[in-house]
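Visitor: What would the 3D arrangement of this be:
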Amino acid sequence: MTDSIKLLICGSGNGAHAFAGIASSHTATEVRVLSLYQDEAERWSKIMQTAELEITCHRRDQEPSVIRSKPALITKNPEEAVRGVDIVAFVLPAFAHQVFLEALKPYIEPGVIIVGLPGASGLEFQVRGILGEKANTCTVMNFESLPWACRLGEFGKKCDVLGTKDSMVGAMQVGRNATPKKDPLTTLQNLIGDHPRLKVSGHLIGMTLMTPNAYAHPSIMFAQWEGWDGKPLDEAPLFYTGLSELAAEVLSSASDEVLKVSKAVSEKSGVDTSQVTSIYDLLVKFYSHEMSDTSSLRSCFCTNAAYQGLKHPMKEHNKHSFVPDFSHRYLTEDVPYGLAVIRGIAEIVQVDTPTIDKILLWAQEKMGKEYLVVSKVQASEEEFIGLKTEFNICKHVLKERLKELQNIADYVGCCKDDLRGNFAMDEQAAEKDIVEMRDLNKMERRESTGSVPMHPRKSPFLKRVRAFRQHIKTGANNAGVLFCKVALVKSQERVRGNPQLHSPERKDERNMTKDEPIDIDSQPKSQKKEEGSRVEFQFKVRGKHNLMYKWFKDGSELPRQNNDTLVLDCIKLRDFGKYTCEVSYQDRCCVPVKSSPAELDVIPTESQSRTKLKLLQEVDFETREELARMLENGLYSLGDWKQVAAEYGMRERYISGLANSKEPGKNVIEFLGGSHPDLTVYSFCRVLKHQKIRRLDIVKLLEDHF
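Guide: As a prediction, this is how the structure comes out:
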């Protein structure tokens, strides 16, 4: 390399460490690292003052080689990090892309190359949506995966490269208004080294479909745990090399569906998606030198030296047993930022994906999320309330997303008029939909007379309303949900004038008599029980009806509880909270009847009382760091560090003073340690569930530390 290269690596995880060490070992290369998380940049920079970063590279049937080097700069300051750089590499989880793009936006210079390693599904849309006009001066590259299988040995010091891919495919889009500072492909190849051999071809949307982790990780998790009986395991199963025949079949089927989606995208939009290949072909391309048997998909995984020893993500159940960790990135990252995106594109190009649907429905249940909205969506009477207010919110959000949606439409052959005709894309269209919403509401009220042509709750319009309302309510702001939203609105059915809507089933619904009211017999009662006890909540109604019950804990639905009695066997401390029930007719539409809330207070056993519950200050460092971060990232209408500090007696003037602190969350935790040294994690979580705070996300973080 004759010219010097300035590289900025965004991230501080496994891949970022590996890339930083490998790239820093090349001559005429200045490597900078940007980490925005807590004090990681400061910690890593301090380590580099007295030590070098050690990268141990393992290869099949060879002795490991060691690379020792150090980045030129490790910082938390985005302006300092990106000044004058030629290439910015995103080597971090997909959920963090938005934060880094927003931080870099004011300082991005024309001609910069932005690379996703991998960029996850929809990176190019995020870049455009966040950088705006600046995106036209940048070159965007996205690759199918990380170049290496790597694991961090010691933060800032050691990283193991367990395997290096033979080759890797990516796609590129050069900015319209600026020439790249360097040749993008040659520059990146020089930084990574001889392997993997990089190839750029096809359209960027091909990379959205090409991301193997998007369907590989969820597929393997689904096959392993879908039929799990709930009993703890003595050890964690091997993730790749322990692949079962069932997992191989599920993964192969999901891969075939992705290929069908890719083909449909190419046929309908004319873009080149030829780089999209099967999971088997990917493995052979990536790791041919690491595998001893490539006769089948399963053998490719089971004999891959780069995958040896990697296990399923598990949580410790007790000292000698484990349960699956469904909060691991294999689901929480790869589903919303990968599989859901692919599923959304499939909906747009009208390709059925039964295997992906099964995986997605299972995964979203384990995650407590909703990415896939089933075809038969019903809206209750309550869901009509306040829709005008919500549409006002929708209008502003949609105006911000309009350009991004149009970009997506361009990529998948969906024109602007299609989108505008099927969902409110501006203020005027939103107002029209509000009028239509009112008309449908009136039609619903006249349904029992048989004078309306269809049941409004089954209309495509209301399906789209409910899907978008869920998008607003959950605050979902990622590419996966965005794609699903576009997929749901890409329907050519209109509420009026569609003869397909006049089916015999619709006629039966029109002639249905008005529902008789549901008469409550008894409400669930609040209880105070010792851990290990059996608890029953009952919500009884009079008469014999074909009813459907839904039970909720702290507002979240409990799966598979269609019964008037909720039974909790052998309760644990984490089961404390507020329980409610909804009951409605199973064979017709009606307004669900809700129970009054019942509080469950779980008290420790005598043995626990003697051994003392874990104190908040006894929680491990990483969890307390995450707790501080979550307190600082307040959510709309929910409490943050200010409410927690006030609840525990911090004076108002001190709270006001902390507003200027860089780490108010950490300051509040230190305050709790001094003012309430005997505060247990359990007691703290009870306070977090109070109506004025309602931080159930933090409770979930801490519930394994009671």
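Visitor: use CA for all of it now, contacts and neighbours both
Guide: Noted.
Visitor: State the helix or strand in which residue 294 lies.
Guide: Using DSSP states H and E, residue 294 sits in no helix or strand.
Visitor: pretty sure residue 600 is in contact with residue 579, am I right?
Guide: Yes. The criterion here is C-alpha atoms under 8 Å, and residue 600 meets it with residue 579 at 7.4 Å.
Visitor: what's the span of stretch 127-143, first residue to last?
Guide: Stretch 127-143 has an end-to-end distance of 15 Å (criterion: C-alpha to C-alpha, to the nearest Å).
Visitor: do the same with stretch 579-592
Guide: OK, stretch 579-592 end separation, C-alpha to C-alpha: 16 Å.
Visitor: now stretch 694-706
Guide: End-to-end for stretch 694-706, by C-alpha to C-alpha: 18 Å.
Visitor: for stretch 157-173, same thing?
Guide: Using C-alpha to C-alpha, the distance between the terminal residues of stretch 157-173 is 35 Å.
Visitor: Could you do stretch 300-312 as well?
Guide: First-to-last distance for stretch 300-312 - C-alpha to C-alpha - comes to 18 Å.
Visitor: more neighbours, residue 600 and residue 579?
Guide: residue 579 (25 against 20; other C-alpha atoms under 10 Å).
Visitor: after the biggest strand by length in the chain, next one along is what?
Guide: If you go by DSSP state E, the chain has its longest strand at strand 577-585. Per DSSP H and E, strand 577-585 leads on to strand 593-594 as the next helix or strand towards the C-terminus.
Visitor: strands paired with that next one, and their directions?
Guide: Its sheet considered, strand 593-594 pairs with strand 577-585 (antiparallel) by DSSP bridges.
Visitor: Okay, buried residues for the strand it pairs with please.
Guide: 577, 578, 579, 580, 581, 582, 583, 584, 585 (16 or more other C-alpha atoms under 10 Å).
Visitor: of those, closest to residue 27?
Guide: Residue 27 has its nearest neighbour among these in residue 577, at 59.2 Å by C-alpha to C-alpha.
Visitor: for that closest one, which residues make a bridge with it?
Guide: residue 600.
Visitor: how near is it to residue 621?
Guide: Distance, residue 577 to residue 621, using C-alpha to C-alpha: 27 Å.
Visitor: can you give me the helices in the stretch 1-150 of the chain?
Guide: Secondary structure of the stretch 1-150 of the chain by DSSP state H, counting those that start in this stretch: the helices cover 14-24, 40-48, 78-82, 97-104, 123-131.
Visitor: Let's have these in CSV, adding mean pLDDT.
Guide: Output for the helices of the stretch 1-150 of the chain, formatted as CSV (pLDDT from 0 to 100):
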stretch, mean pLDDT
helix 14-24, 94
helix 40-48, 92
helix 78-82, 95
helix 97-104, 90
helix 123-131, 82
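Visitor: Figure out which of these is closest to residue 551.
Guide: helix 97-104 (35.4 Å).
Visitor: Tell me the helices and strands packed up against the closest one.
Guide: Packing partners of helix 97-104 (3 or more C-alpha pairs under 8 Å, 6 or more residues apart in numbering; DSSP states H and E): helix 78-82, helix 123-131.
Visitor: Determine how far the longest one lies from the middle of the whole chain.
Guide: If I follow you right, that is helix 123-131. 17 Å (C-alpha atoms, centre = their mean, to the nearest Å).
Visitor: pretty sure residue 9 is touching residue 36, no?
Guide: No. Using C-alpha under 8 Å as the test, residue 9 is too far from residue 36 to be in contact (11.8 Å).
Visitor: Which one's more surrounded, the two?
Guide: Between residue 9 and residue 36, residue 9 has the larger neighbour count (other C-alpha under 10 Å), namely 27 against 18.
Visitor: For that one, list the residues it contacts.
Guide: Contacts of residue 9 were listed using C-alpha atoms under 8 Å, 6 or more residues apart in numbering, and they are 16, 19, 20, 31, 32, 33, 34, 88, 89, 90, 91.
Visitor: so how many other residues sit close to the fourth one?
Guide: Around residue 31 sit 26 other residues, with neighbours defined as other C-alpha under 10 Å.
Visitor: Same list (the helices and strands packed on helix 97-104) but as a markdown table, adding mean neighbour count and distance to residue 344.
Guide: Putting these into a markdown table (neighbours: other C-alpha atoms under 10 Å; distance: least, C-alpha to C-alpha, whole Å) gives the following:
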| stretch | mean neighbour count | distance to residue 344 |
| --- | --- | --- |
| helix 78-82 | 20 | 33 |
| helix 123-131 | 21 | 14 |
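Visitor: So which of these is nearest residue 217?
Guide: helix 123-131 (19.2 Å).
Visitor: shaky segments in the protein?
Guide: 1-2, 120-122, 373-516, 544-545, 587-591, 606-612, 634-638, 691 (pLDDT under 70).
Visitor: hang on, residue 642 in a helix?
Guide: Yes. Per DSSP: H, G, I helix; E, B strand; the rest coil, residue 642 lies within a helix segment.
Visitor: show me the contacts for it.
Guide: Contacts of residue 642 by C-alpha under 8 Å, 6+ apart are residue 655.
Visitor: any idea how far it lies from residue 651?
Guide: From residue 642 to residue 651 the distance is 11 Å (C-alpha to C-alpha).
Visitor: so residue 207 touches residue 173, yeah?
Guide: No. In this structure residue 207 lies outside contact range of residue 173 using C-alpha under 8 Å: 11.8 Å.
Visitor: Compare the two (neighbour count), which wins?
Guide: residue 207 (30 against 16).
Visitor: quick one: secondary structure of the more buried one?
Guide: Per three-state DSSP, residue 207 ends up helix.
Visitor: What residue, apart from its backbone neighbours, is nearest it spatially?
Guide: Of all residues not flanking residue 207 in the chain, residue 144 sits nearest, at 5.9 Å (C-alpha to C-alpha, 6 or more residues apart in numbering).
Visitor: What about that neighbour, how many residues nearby?
Guide: Neighbourhood size, residue 144 [other C-alpha under 10 Å]: 26.
Visitor: what residues are up against it?
Guide: Neighbours of residue 144 in contact, by C-alpha under 8 Å, 6+ apart: 117, 118, 119, 120, 168, 169, 170, 207, 210, 211, 212.
Visitor: Could you list the domains of the protein?
Guide: Per the TED database, the structural domains of the chain span 5-201, 212-367, 519-603, 616-702.
Visitor: In a markdown table: the contacts of residue 9, plus distance to residue 332.
Guide: Listed next are those as a markdown table, based on distance: C-alpha to C-alpha, whole Å:
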| residue | distance to residue 332 |
| --- | --- |
| 16 | 20 |
| 19 | 24 |
| 20 | 26 |
| 31 | 30 |
| 32 | 29 |
| 33 | 25 |
| 34 | 23 |
| 88 | 25 |
| 89 | 22 |
| 90 | 19 |
| 91 | 17 |
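Visitor: Just the closest of these to residue 628, please.
Guide: residue 34 (20.7 Å).
Visitor: The closest one and residue 75 touch, don't they?
Guide: Yes. With contact defined as C-alpha under 8 Å, residue 34 counts as touching residue 75 (5.3 Å).
Visitor: For these two, indicate the residue with more neighbours.
Guide: Taking other C-alpha under 10 Å, residue 34 and residue 75 do not tie; residue 34 has more neighbours (26 against 20).
Visitor: Now residue 163. Nearest residue, chain neighbours left out?
Guide: Counting by C-alpha to C-alpha, 6+ apart, the residue nearest residue 163 is residue 306, at 4.6 Å.
Visitor: just to revisit the earlier point, so which of the helices and strands packed on helix 97-104 comes closest to residue 57?
Guide: Using C-alpha to C-alpha as the measure, helix 78-82 is the one of the helices and strands packed on helix 97-104 that comes nearest residue 57, at 27.5 Å.
Visitor: Using CSV, list the CA coordinates for the closest one.
Guide: C-alpha atoms of helix 78-82 as CSV (Å, rounded to 0.1, in the frame of the first residue of the first chain):
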residue,chain,number,x,y,z
PRO,A,78,-17.2,10.8,17.5
GLU,A,79,-15.8,14.1,16.1
GLU,A,80,-12.2,13.1,17.0
ALA,A,81,-12.7,9.6,15.7
VAL,A,82,-14.1,10.3,12.2
